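A.B. asks: Here's a sequence, model it:
(4 chains)
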Protein chains: 2
Amino acid sequence: MTSAGSSGATLPTRQRILDAAIDQFGTRGVDAVSLDEIARDVGVRKQTVLYWFASKDELVQAVLASAAAELVLVIEAAVRSAPNEPLARIDAVVGAVFRPAVRRPALLGLLRELGRLSPEHAARLSAHLAPMIDRAIDYLAAEMTAGRLRRSDPRLIAALAYATVTGIATEPEVLVAVGWRADTAGLRALRSELRGFLRAALAP
Amino acid sequence: MTSAGSSGATLPTRQRILDAAIDQFGTRGVDAVSLDEIARDVGVRKQTVLYWFASKDELVQAVLASAAAELVLVIEAAVRSAPNEPLARIDAVVGAVFRPAVRRPALLGLLRELGRLSPEHAARLSAHLAPMIDRAIDYLAAEMTAGRLRRSDPRLIAALAYATVTGIATEPEVLVAVGWRADTAGLRALRSELRGFLRAALAP
DNA sequence: ACAGTTCTCTACCATTTGGTAGACGCATTT
DNA sequence: AAATGCGTCTACCAAATGGTAGAGAACTGT
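C.D. replies: Numbers count the residues shown, from 1 in each chain, chains lettered A, B, ... in the order given. This is a model prediction of the structure:
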């Protein structure tokens, strides 16, 4: 009854609304985006949005859950398919997050919305991501004691690496401001520099 | 006649509005903050805000100019008073930006609004900061060729360092999510880790 | 005491916001 | 053919938004 997809054949409109909302919320901020704008993007009336999601709040909630799930999925897959060596794993995560993120900053941009969300939404989002974060921190700590990573506070290192990747991926304007070009070569160069930056920062 | 401070004794209200607007815009985003909210923060009516700044747009413009000027001032001062050695200078800049930024993320948060501002505002803000950015990049390039910094693309390195500092300073929620405490000891630890992170990332 | 300026206020206004109520079309089932 | 959901629509609404018009206090210099 909650408009959730229990029937199974409920893909097109609902999913399109969700996609549009992720993009808009992630790039412009939740508060700055109206339901009318999302509806216009989808090619539908606002009331259709409110049919699928009973309120803007519920839409935000669904968007956050969806984005967090996607993010976790992508990152875990990257970690699993990488060799068991810390710098290589970090490379893999960066690669997995980076490619989609630069062309579509909305996903990581949503994370940056954390501080602007209502406490309930923020808590839910944190809960979604917490297990992965904890595992990452444990992994970093273990690798540090094993001497394969520079010895430091693993929690703050995780936050710093996150800040670097997210910041660079969600603020293309800054890249443009330093004279970067958003073409394929530029993208490759950026990824290479980011990799070198993180390797240097984390290597023992 | 443009409501600018040509008389000289125009400090209290106008400045208080400006300060409140910097905080609100910087932490919650320009679009998400209403003039009523700013007015309430200041303890005044919305129409008083509109007396000092003819429109919200003009207020945004003034806020950006003020914040950019303050930022440039702080950073240039830090650079001048630091020893002429790249890692020490970077330490100095980080220290200068970091202390106020963590306790009051609005200043750097405004920079993060770049991509959400109207093109005119974004251009003006970029113009304000461009000279300093260019000088920083030139400096990095020179120190790289001199072998005192890790050799790489100075423009992207500047962007990456910026992303790291800004990201960590404007997203305290992430720090909390990794179990960080916002007390004095935590602040010192964070600054120390940030310094170590950047040093490792930039050292030759 | 008076006129003038400076500053903040009350009273509106048009538009946009998130949200409700209910009708219409369109399949599918009976 | 009738009935039943399902999905989208038109038609509203109350509150909030940025903004206008203009009154009135409070301090000036004369």
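A.B. asks: Tell me where chain A is predicted with low confidence.
C.D. replies: By pLDDT under 70, the low-scoring segments of chain A are A:1-11.
A.B. asks: Geometric centre of it: which residue is closest?
C.D. replies: The residue lying closest to the centre of chain A (Cα atoms, centre = their mean) is A:Leu108, at 3.0 Å.
A.B. asks: gap between it and B:Ala77?
C.D. replies: For A:Leu108, the distance to B:Ala77 equals 33 Å [Cβ to Cβ, to the nearest Å]. Bear in mind the C-beta positions are built from the backbone N, C-alpha and C, glycine included.
A.B. asks: For the residue lying closest to A:Ala65 once chain neighbours are set aside, list the residues it contacts.
C.D. replies: Spatial nearest neighbour of A:Ala65, chain neighbours left out: A:His128 (6.7 Å); criterion: Cβ to Cβ, 6 or more residues apart in numbering or on different chains. Shown in contact with A:His128 (Cβ atoms under 8 Å, 6 or more residues apart in numbering or on different chains): A:64-65, A:68-69, A:72.
A.B. asks: any idea whether the residue nearest to the centre of chain A is helix, strand or coil?
C.D. replies: Classification of A:Leu108 by DSSP: H, G, I helix; E, B strand; the rest coil places it in helix.
A.B. asks: from memory it sits against A:Ala101, does it?
C.D. replies: Yes - A:Leu108 lies in contact with A:Ala101 (Cβ atoms under 8 Å); the separation is 4.9 Å.
A.B. asks: list the residues that contact both of these two?
C.D. replies: In contact with both A:Leu108 and A:Ala101: A:165, A:169-170, using Cβ under 8 Å, 6+ apart.
A.B. asks: Helices of chain A, residue ranges please.
C.D. replies: Ranges of helices in chain A, per DSSP state H, are A:12-28, A:35-42, A:46-52, A:56-80, A:86-103, A:106-112, A:119-145, A:154-170, A:172-177, A:184-202.
A.B. asks: between those helices, which gets nearest to B:Ile157?
C.D. replies: When these are compared by Cβ to Cβ, helix A:184-202 sits nearest B:Ile157, at 6.8 Å.
A.B. asks: hmm, the closest one in reach of chain B?
C.D. replies: Yes - on the criterion Cβ under 8 Å from any Cβ of the partner chain, helix A:184-202 is in touch with chain B at A:189-190, A:193-194, A:196-198, A:200-202.
A.B. asks: distance of A:Glu70 from A:Ala136?
C.D. replies: Taken as Cβ to Cβ, the span from A:Glu70 to A:Ala136 is 17 Å.
A.B. asks: Between those two, which is the more surrounded one?
C.D. replies: With neighbours defined as other Cβ atoms under 10 Å in any protein chain shown, A:Glu70 and A:Ala136 compare such that A:Ala136 has more, 23 against 13.
A.B. asks: The more buried one: what's it in contact with?
C.D. replies: Counting by Cβ under 8 Å, 6+ apart, A:Ala136 has contacts A:Ala158.
A.B. asks: Equivalent analysis for A:Pro83, please.
C.D. replies: Counted by Cβ under 8 Å, 6+ apart, A:Pro83 has contacts A:Arg89.
A.B. asks: what's the neighbour count on A:Ala163?
C.D. replies: A:Ala163: 24 surrounding residues under other Cβ under 10 Å.
A.B. asks: Hmm, B:Tyr162 and it touching each other?
C.D. replies: No - applying Cβ under 8 Å as the test, A:Ala163 and B:Tyr162 come out as separate, 10.5 Å apart.
A.B. asks: How about the residues of chain A by DNA strand C?
C.D. replies: By Cβ under 7 Å from any atom of the strand, the residues of chain A that approach DNA strand C are A:33-37, A:46-47, A:50, A:54-57.
A.B. asks: filter these down to the ones near chain B?
C.D. replies: The subset of the residues of chain A next to DNA strand C within reach of chain B, by Cβ under 8 Å from any Cβ, is empty.
A.B. asks: In ChimeraX, select just the buried ones from the contacts of A:His128.
C.D. replies: Here is the ChimeraX command that selects the buried residues among those (16 or more other Cβ atoms under 10 Å in any protein chain shown):
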select /A:64,68
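A.B. asks: of all the contacts of A:His128, which comes closest to A:Gln24?
C.D. replies: Among the contacts of A:His128, and counting by Cβ to Cβ, the member closest to A:Gln24 is A:Leu64, at 13.4 Å.
A.B. asks: And the closest residue to that closest one other than its chain neighbours, how far from DNA strand C?
C.D. replies: Nearest non-adjacent residue to A:Leu64, counting by Cβ to Cβ, 6+ apart: A:Leu125, 4.9 Å away. Distance of A:Leu125 to DNA strand C, given as Cβ to the nearest atom of the strand, to the nearest Å: 19 Å.
A.B. asks: Touching, A:Ile157 and A:Thr164? I think so.
C.D. replies: No - if you go by Cβ under 8 Å, A:Ile157 and A:Thr164 don't touch, sitting 10.6 Å apart.
A.B. asks: In terms of neighbours, single out the busier of the two.
C.D. replies: Of the pair A:Ile157 and A:Thr164, A:Thr164 is the one with more neighbours under other Cβ under 10 Å, namely 28 against 24.
A.B. asks: A:Leu198 is in contact with that one, correct?
C.D. replies: Yes - between A:Thr164 and A:Leu198 a contact is recorded at 6.8 Å, counting by Cβ under 8 Å.
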